[in-house]
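Asker: what follows is a protein structure lacking sequence information:
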Ligand code: PLP
């Protein structure tokens with residue numbers, strides 16, 4: 001209850017019922033600390049960063065760079081030079097495709113992704129393959145929703161230049177064995193990008209221990225604001241890559257004859273960044289650190305176990321994604337009822353879930369379904385709310401069957 005009080009949005013009724021928010025894999029709610037950081041910045045410190053010498057500019061720069069240091073520690077990175085601010089996971093992946101991809105992946109080279117990917121970790125690689133004549137290969141998904149690691153091993157060869165997979169599947173909750181994926185990729189000389197959109201709020205990340213080459217995440221999925229994300233990249237790779245966008249801040253010197261580029265991480269941060277949201281991201285990271293990721297994960301795991309047990313007792317309900325290692329996401333279908341109808345009728349009862357393909361259309365095709373209903377839990381959710389979901393579903397089934 002103390003944690004719930006930190007999230008003002010939860011204190012409201014929807015359609016006459018206390019809100020139950022179970023769409024956390026799409027975006028998490030924001031604690032007052034994050035909202036206050038945004039307000040504080042605009043009320044007291046608003047200025048452009050890095051070049052100003054007046055007090056407001058100094059304060060804004062100090063707080064912006066303080067977030068970079070907080071992110072460095074959050075990811076276990078060696079240096080803040082390896083922390084690039086983006087607008088989110090999608091931009092981080094596109095940055096790697098457009099810079100590393102354009103420079104180091106050519107005709108006939110191979111890129112491996114997986115059948116569990118979000119569209120944002122599929123389409124940028126398809127675009128690159130189309131442009132360069134490279135080849136996209138896909139690790140298949142088992143009936144349980146796990147990656148087929150035997151096939152993965154067989155896909156690896158010196159032709160593979162990059163492996164890009166998610167740490168956690170947004171549609172099914174599967175936690176992928178990324179350390180093994182990274183080590184096996186490195187053994188054939190391939191680099192690895194991990195899409196951390198769904199892992200960064202649940203699992204402690206140590207990019208150095210993982211030896212991962214690129215790791216991307218979004219602020220809004222870890223209790224921070226929308227519009228800000230992070231791309232971690234190994235320094236030697238970032239140095240070898242061309243810039244992403246051209247403009248202010250990313251340059252050292254500009255003349256019409258030749259422009260030289262700024263040092264890391266600024267080489268990849270053209271233009272005025274999303275200063276307020278970057279500053280507020282630190283409040284989100286501090287919030288997670290104070291509670292402790294292990295404590296958050298333990299609470300969410302308990303909710304997942306309870307929800308899974310209760311859902312399985314509902315007749316005609318099938319859980320899609322039964323991997324041994326999962327985060328707090330449960331996706332299911334109910335015989336004869338379209339997920340969208342479930343979503344609308346749960347919303348009528350004040351319960352917010354996600355329905356549809358979850359931006360993973362190939363995965364839905366793999367399971368031969370149009371979509372699922374997905375409940376995803378966060379630190380502020382409770383057992384009583386899971387009970388509300390179960391009662392709500394029973395009511396939906398009674399209405400529609
Ligand atoms: N990857 C995964 C696994 C996701 O779940 C999402 C968002 O749902 C993304 C990437 C894209 O994140 P964003 O829209 O914040 O860029």
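Answerer: The structure has been received and is ready for your questions. What you see is a predicted model; the values in this text were computed from it and never measured. Residues are numbered from 1 along each chain as shown.

Asker: enumerate the residues of the stretch 101-250 of the chain near the ligand.
Answerer: Residues of the stretch 101-250 of the chain lying near the ligand by Cβ under 6 Å from any ligand atom: 118, 120, 121, 166, 170, 195, 197, 198, 218. Yep, even glycine has a C-beta here, placed from its N, CA and C like the rest.

Asker: just the closest of these to residue 85, please.
Answerer: residue 218 (11.6 Å; Cβ to Cβ).

Asker: can you tell me the closest non-neighbouring residue to the residue nearest the centre of the chain?
Answerer: Centroid check for the chain by Cα atoms, centre = their mean gives residue 197 as the closest residue, at 1.0 Å. Spatially, and ignoring its direct neighbours in sequence, residue 197 is nearest to residue 89 (4.2 Å; Cβ to Cβ, 6 or more residues apart in numbering).

Asker: now do residue 81
Answerer: Spatial nearest neighbour of residue 81, chain neighbours left out: residue 264 (4.0 Å); criterion: Cβ to Cβ, 6+ apart.

Asker: check contacts around the one you found.
Answerer: Contacts were defined as Cβ atoms under 8 Å, 6 or more residues apart in numbering; by that measure residue 264 touches 81, 82, 84, 235, 238, 239.

Asker: re earlier: can you pull the contacts of the residue nearest to the centre of the chain?
Answerer: Counting by Cβ under 8 Å, 6+ apart, residue 197 touches 89, 118, 166, 170, 216, 217, 218, 221.

Asker: please apply the same query to residue 25.
Answerer: Per Cβ under 8 Å, 6+ apart, neighbours of residue 25: 170, 198, 221, 329, 354, 358, 374, 376.

Asker: in ChimeraX, how would I select the buried members of these?
Answerer: Buried residues among these (16 or more other Cβ atoms under 10 Å), as a ChimeraX selection:
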select :170,198,221,329,354,358,374,376
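
Asker: and which of the contacts of residue 25 is nearest to the ligand?
Answerer: Of all the contacts of residue 25, the ligand sits closest to residue 170, with 3.1 Å by Cβ to the nearest ligand atom.

Asker: buried set for the lengthiest helix in the chain?
Answerer: Assignment by DSSP state H gives helix 55-75 as the longest helix of the chain. By 16+ other Cβ under 10 Å, the buried positions in helix 55-75 come out as 57, 59-61, 63-65, 67-68, 70-72, 74-75.

Asker: rounded mean pLDDT for that helix, please.
Answerer: For helix 55-75, the mean pLDDT works out to 98.

Asker: show me what that helix packs onto, helices and strands only.
Answerer: With contacts taken as 3 or more Cβ pairs under 8 Å, 6 or more residues apart in numbering; DSSP states H and E, helix 55-75 sits against strand 83-86, strand 229-233, helix 275-291.

Asker: could you redo the last one with a cut-off of 10 Å?
Answerer: On a contact count with 3 or more Cβ pairs under 10 Å, 6 or more residues apart in numbering; DSSP states H and E, helix 55-75 meets helix 32-40, strand 83-86, helix 207-210, strand 214-218, strand 229-233, helix 275-291.

Asker: can you add mean neighbour count and mean pLDDT and give these back as CSV?
Answerer: Formatted as CSV, the helices and strands packed on helix 55-75 follow (neighbours: other Cβ atoms under 10 Å; pLDDT from 0 to 100):
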stretch, mean neighbour count, mean pLDDT
helix 32-40, 17, 98
strand 83-86, 24, 98
helix 207-210, 16, 98
strand 214-218, 28, 98
strand 229-233, 28, 98
helix 275-291, 21, 98
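
Asker: reformat those as CSV; add distance to residue 186.
Answerer: Converted to CSV, the helices and strands packed on helix 55-75 look like this (distance: least, Cβ to Cβ, whole Å):
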stretch, distance to residue 186
helix 32-40, 36
strand 83-86, 22
helix 207-210, 11
strand 214-218, 13
strand 229-233, 15
helix 275-291, 28
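
Asker: show me what residue of the stretch 251-400 of the chain gets nearest to the ligand.
Answerer: For the stretch 251-400 of the chain, the residue closest to the ligand is residue 359, as judged by Cβ to the nearest ligand atom, at 6.2 Å.

Asker: and that residue, how many neighbours does it have?
Answerer: Neighbourhood size, residue 359 [other Cβ atoms under 10 Å]: 17.

Asker: element containing it, please.
Answerer: Assessed by DSSP states H and E, residue 359 sits outside every helix and strand.

Asker: residues contacting it?
Answerer: Neighbouring residues of residue 359 by Cβ atoms under 10 Å, 6 or more residues apart in numbering: 26, 90, 117, 118, 119, 120, 121, 122, 123, 170, 171.

Asker: what pLDDT does residue 52 get?
Answerer: Reported pLDDT for residue 52: 88.

Asker: cheers, nothing more for now.
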